[in-house]
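Undergrad: with the input below, show me the fold.
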Amino acid sequence: GLDVLGLRGLDQSIERRFVAGITTISFRARFITLVPWVLWRVYEQQLKGKDEEARLDIDRLAAAFTRLEIVVLCASHFGKQWGEDGNTYGVPGSTVYEQIIKDIEKSGKATMPTEGSGGIYGTYAMPCRSFGILAAPPAGAGIPASITPERGKKICEIREKHGGQGQLAKVILEGGKLTLDALKAEGRFYSANGLSACEEEQSALRESILAPSAEDEATGRLFRGSVRWAIGHLLKAPITSEDILADNYQRTIPQASPTETQIGWMEYELRRRGHFALELFLCAATRTLGDIVQGTPSDIINQWKESKDVPKFLQTVLPFKKAPFDQKLSAVIKAVPADAFLGAPVLAHQASGLSACPQALYAFALLSACRKQSAPLRAKGLLPDRKHYLERAFSILDSCGDESLGDVMLRLLQECVLEPHLTTTLRKIAQGQKCSLRFYPEGSLLHPTGSQVSPGYSGDRLHNALGFLSDVGYSKRESSRKYSILPLGRTLHAELEASV
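TA: Numbering: from 1, shown residues only. So this is what the prediction gives:
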């Protein structure tokens, strides 16, 4: 969803350090070998042996990447015909290219497009670089990336040996008809579920993912630390990435000397929780403005004060039967349990469904718990002061203990919610982006625009990193976003533990 407060960039920059460039939309590991191979083949076609004036035809490259998407989707979809499970999870294009699949099912063939956006390159270029397969091109080379001479070239040569000279390769590079017969004959070399069909390719990909590249040793080290840490959780039972993050958050809080991996992922989860709390505040304020037509920030707080009862769902983390707006902040914070929101992921869906006042109180309880739980690590300097909105919120809570909860929530609303929303949205408008204002100011009054806020608990890249490990044989995708450990994963964990 929209980053209506401008906070998501910091969350993601912290997480990005630990996942080697894997993004929230890069789901499947096989593209890490396929994308460089397409680049390599197109470079060979268009540039090799040509004079220095030759230039890459970017439109032809984009069309080849678009046809690659289609081939991977169809190979994954029809995989049941050669023993795979037919799972197209994480493969782009299932809706866009639905007609192509229908044509193949009906007549055994489909015409491939002659142009396209080639978006799959942008999705996987960064992890390919982080794993040392692609590199920045020389200045003025006129190409999007270079194939690295060792890792990248090795993977491309393996791809060429296994399926690179077949009919599917020709269709990707030149277009024409994609046939079911070609998919049956060669689909295992392109299916997102088919890495195990080519042990040489799978082995080279494992090496690239886990062995640090000479170009970026720090990225490799941090990613290996995350792999060791994540697989350690899988050893116990099938688990989701959300559960791993929640468990690490709880376990890291009391530690005197957490590892770099533990503290990094703990900070990511801390800021994700704080981000969600502030989005809940904005959602509650926007709803209230809609109810009262227009008003000041004080009018919003006064409207919340009219909602007396605290829902039972909320009382587990804010143990008051009546909304404690008139009580001192210090008393309210003291009442928030030390283990509030610990032991499980934050119940984002339930919190998003609350009415405005309970939603704002839930947001306060979550912020208060984050502040209380992170205090020892912040005091030791283990969590850096990034001088961001979460630090500003904590500072308000630290300094206003003798003020009423209502007065403090007014400051939080003004300084940590309304201000960043206006600043972020007006900056985006100035950059030519679509207006996403939820209200606009006129003097001290705020007027709703009619657009609502959908507070979201931002998706994590850890889930996709686990998916990569599954594709290369270390873990297994289960239902409900869970992953379980495989024997090869146990061996890997033992090796990583021994190397520490």
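Undergrad: for Leu2, give me the pLDDT.
TA: We note a pLDDT of 68 for Leu2 in this prediction.
Undergrad: which helix or strand contains the closest residue in space to Phe18 that isn't next to it in sequence?
TA: With sequence-adjacent residues excluded and distances taken as C-beta to C-beta, 6 or more residues apart in numbering, Phe18 is closest to Ser226, at 4.6 Å. From N, CA and C alone the C-beta is placed, and that goes for glycine too. Using DSSP states H and E, Ser226 maps to helix 217-234.
Undergrad: starting at the chain centroid, how far to that helix?
TA: Put simply, helix 217-234 sits 17 Å off its chain's centre (C-alpha atoms, centre = their mean, to the nearest Å).
Undergrad: residues of it that come out buried?
TA: Residues 219-220, 222-231, 233-234 are the ones in helix 217-234 that count as buried (16 or more other C-beta atoms under 10 Å).
Undergrad: next helix or strand past it?
TA: helix 241-252.
Undergrad: count the residues that sit near the nearest residue to Thr296 once chain neighbours are set aside.
TA: Closest residue to Thr296 in three dimensions, ignoring its sequence neighbours and counting by C-beta to C-beta, 6+ apart: Ser444, at 5.0 Å. Ser444 sits with 10 neighbouring residues when counted by other C-beta atoms under 10 Å.
Undergrad: in the stretch 151-300 of the chain, which spans are helices?
TA: 151-161, 167-174, 180-186, 199-210, 217-234, 241-252, 260-292, 297-305 (DSSP state H, counting those that start in this stretch).
Undergrad: out of those helices, which one sits most buried?
TA: helix 260-292 (a mean of 23; mean count of other C-beta atoms under 10 Å).
Undergrad: which of the residues in the helix or strand containing Leu34 are buried?
TA: Assigning secondary structure by DSSP H and E places Leu34 in helix 31-46. For helix 31-46, a neighbour-count test (16+ other C-beta under 10 Å) marks 31-43, 45 as buried.
Undergrad: how about the next helix-or-strand element following that helix as CSV, C-alpha atoms only?
TA: From helix 31-46 onward toward the C-terminus, using DSSP H and E, the following helix or strand is helix 58-77. Provided in CSV are the C-alpha atoms of helix 58-77 (Å, rounded to 0.1, in the frame of the first residue of the first chain):
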residue,chain,number,x,y,z
ILE,A,58,16.8,-2.2,-25.3
ASP,A,59,13.4,-2.9,-26.7
ARG,A,60,14.4,-6.3,-28.0
LEU,A,61,16.0,-7.1,-24.6
ALA,A,62,12.8,-6.0,-22.8
ALA,A,63,10.7,-8.3,-25.2
ALA,A,64,13.0,-11.2,-24.4
PHE,A,65,12.6,-10.7,-20.7
THR,A,66,8.8,-10.5,-21.1
ARG,A,67,8.8,-13.9,-23.0
LEU,A,68,11.0,-15.3,-20.3
GLU,A,69,8.3,-14.4,-17.8
ILE,A,70,5.7,-16.2,-19.9
VAL,A,71,7.9,-19.3,-20.4
VAL,A,72,8.6,-19.6,-16.6
LEU,A,73,4.9,-19.2,-15.9
CYS,A,74,3.8,-21.8,-18.4
ALA,A,75,6.6,-24.2,-17.4
SER,A,76,5.6,-23.9,-13.8
HIS,A,77,1.8,-24.2,-14.6
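Undergrad: and helix 58-77, how far out from the chain middle?
TA: On C-alpha atoms, centre = their mean, the centre of helix 58-77 falls 23 Å from that of its chain.
Undergrad: over to stretch 7-22?
TA: On C-alpha atoms, centre = their mean, the centre of stretch 7-22 falls 8 Å from the chain's centre.
Undergrad: and the pLDDT for Glu452?
TA: For residue 452 the amino acid is Gln, not Glu. 86.
Undergrad: ok, it touching Thr288?
TA: No. Counting by C-beta atoms under 8 Å, Thr288 is not a contact partner of Gln452; they are 11.7 Å apart.
Undergrad: circling back: now tabulate the buried residues of helix 217-234 in TSV and tack on distance to Glu199 and pLDDT.
TA: Shown next, in TSV, are those (distance: C-beta to C-beta, whole Å; pLDDT from 0 to 100):
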residue	distance to Glu199	pLDDT
Thr219	26	85
Gly220	23	85
Leu222	28	92
Phe223	23	94
Arg224	22	93
Gly225	27	95
Ser226	25	96
Val227	20	96
Arg228	24	96
Trp229	27	97
Ala230	24	97
Ile231	21	96
His233	27	96
Leu234	23	96
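Undergrad: list just the nearest of those residues to Glu84.
TA: Leu234 (22.8 Å; C-beta to C-beta).
Undergrad: from Glu478, how far off is the closest one?
TA: 10 Å (C-beta to C-beta, to the nearest Å).
Undergrad: what touches both of those two?
TA: Ser484 (C-beta atoms under 8 Å, 6 or more residues apart in numbering).
Undergrad: which SSE is immediately downstream of the lowest-mean-pLDDT helix or strand in the chain?
TA: Ranked by mean pLDDT, DSSP states H and E, the weakest helix or strand in the chain is helix 348-352, scoring a mean of 87. Per DSSP H and E, helix 348-352 leads on to helix 356-379 as the next helix or strand towards the C-terminus.
Undergrad: next one: the helix or strand following that following helix to chain centre, how far?
TA: Sequence order places helix 389-399 as the next helix or strand after helix 356-379, per DSSP H and E. Taking C-alpha atoms, centre = their mean, one finds helix 389-399 lying 26 Å from the centre of the chain it belongs to.
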